[in-house]
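In: Got a predicted structure plus its sequence, pasted below:
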Amino acid sequence: MIRVRRILLVRHPETTANIEGCYVGRGDTPLTPRGIRQIALLSSAIHDFAPQVIWTSPLERAAIVAGRAATDTGLTARVDDRLTELDFGQAEGLTYAEAIEQGVTFDFASEHRPVAPGGESRRDILRRTSRAIDEILTEPEDRIAIVTHGGVLRSALVYLLELPISAIWAFQIDNGCVAQVELLDERGRLVEFRTVG
């Protein structure tokens with residue numbers, strides 16, 4: 001018998017860093033007024049998905065949505081540090097212009113070298129994302145919601161859809177993005193992709 005599982009991947013609401021164009025990976029940043037409105041909309045999207053379990057990044061901008069959705073669905077949000085955003089190293093907290101001014105060099109082409117010095121590479125974030133997903137999929141639940149960040153969501157799509165690592169930049173992942181992947185005997189297909197709010 002074919003096993004059907006569904007994973008709902010959710011990117012956190014809009015933050016001031018997103019509006020200002022700052023690289024914020026491991027740090028926290030306040031939500032914008034739009035981001036605050038997106039909390040309820042994303043929670044509603046998760047509720048409508050009817051998850052059996054909700055996983056979240058520990059960072060506040062993701063955890064606030066997971067917490068609200070957990071309350072709305074009667075579940076408890078589970079935290080996994082591997083769902084945290086890409087580590088931007090020396091670029092953390094800076095805009096692109098500020099980083100260049102400070103001599104930070106970026107490498108978005110290589111899969112093995114860090115995106116910015118002292119940070120993670122595409123291969124790093126794909127590896128930890130895939131390990132988190134593999135562990136989550138050892139659990140019995142067939143409807144799984146994951147609230148996370150743009151880098152992890154991109155990595156999850158590449159992993160679940162069995163795409164080449166170069167496709168990690170092929171997705172426009174807006175704040176409030178919701179992507180649903182259906183797994184048929186562990187083979188993934190994208191069945192929903194939209195932005196909420």
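Out: Everything's here; your move.
In: mind listing the helices for the protein?
Out: Remark: helices assigned in the chain by DSSP state H are 16-20, 33-49, 60-73, 96-101, 122-136, 150-160.
In: buried stuff in the fourth one?
Out: Of all the residues in helix 96-101, those buried under the rule 16 or more other Cβ atoms under 10 Å are residue 99. Placement of C-beta: from N, CA and C, glycine included.
In: Identify the residues contacting it?
Out: Here helix 96-101 makes contact (Cβ atoms under 8 Å, 6 or more residues apart in numbering) with 21, 23, 90, 91, 106, 116.
In: what's the neighbour count on the fourth one?
Out: Just to be clear, that refers to residue 91. Using other Cβ atoms under 10 Å, residue 91 has 26 other residues around it.
In: just for the protein, where's the confidence low?
Out: Counting by pLDDT under 70, the chain shows no low-confidence range.
In: Just the buried residues from the contacts of helix 96-101, in ChimeraX please.
Out: In ChimeraX, a selection of the buried entries from the contacts of helix 96-101 looks like this (16+ other Cβ under 10 Å):
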select :23,90,91,106,116
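In: Looking at the contacts of helix 96-101, which is nearest residue 196?
Out: When the contacts of helix 96-101 are ranked by distance to residue 196 (Cβ to Cβ), residue 21 comes first, at 21.8 Å.
In: could you dump the contacts of helix 96-101 to CSV with distance to residue 162?
Out: Formatted as CSV, those follow (distance: Cβ to Cβ, whole Å):
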residue, distance to residue 162
21, 32
23, 29
90, 33
91, 30
106, 28
116, 28
